[in-house]
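Student: pasting the sequence and the predicted coordinates here, then a few questions.
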Amino acid sequence: MLSLKRTAISFNEEELMELERIIMDKDKDEALRFLEEAIYNKILSSQKMKLKCHLDTLGKDPVKLFKST
């Protein structure tokens with residue numbers, strides 16, 4: 001599940017060329033695949049790698065959260 005925060009991702013040259021091809025061809029199947037692989041998965045992995053604040057518990061018991069990790 002993604003965090004609903006502003007997120008930036010980058011694309012390499014190959015991904016940009018692929019995106020351009022998808023747009024020019026109006027390829028819906030490839031567009032969905034690109035959305036899942038090049039966008040969603042990048043955002044998901046970047047959010048997993050971020051450090052979290054020990055105070056960011058969203059109302060849950062921080063001791064239980066600490067012990068469960």
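Tutor: Noted; the coordinates are in hand.

Student: buried sites along the longest helix belonging to the chain?
Tutor: Criterion DSSP state H: the longest helix present in the chain is helix 13-25. Residues of helix 13-25 classed as buried by neighbour count (16 or more other C-beta atoms under 10 Å): 15, 18-19, 22. Yep, even glycine has a C-beta here, placed from its N, CA and C like the rest.

Student: would you turn those residues into JSON lines with distance to N41 and pLDDT?
Tutor: Output for those, formatted as JSON lines (distance: C-beta to C-beta, whole Å; pLDDT from 0 to 100):
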{"residue": "E15", "distance to N41": "12", "pLDDT": "92"}
{"residue": "E18", "distance to N41": "14", "pLDDT": "94"}
{"residue": "L19", "distance to N41": "15", "pLDDT": "93"}
{"residue": "I22", "distance to N41": "16", "pLDDT": "95"}
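
Student: of those residues, closest to E30?
Tutor: Proximity of the buried residues of helix 13-25 to E30 (C-beta to C-beta) peaks at I22, which lies at 4.9 Å.

Student: still on that earlier bit, which strands and helices sit next to the longest helix of the chain?
Tutor: helix 28-34 (3 or more C-beta pairs under 8 Å, 6 or more residues apart in numbering; DSSP states H and E).
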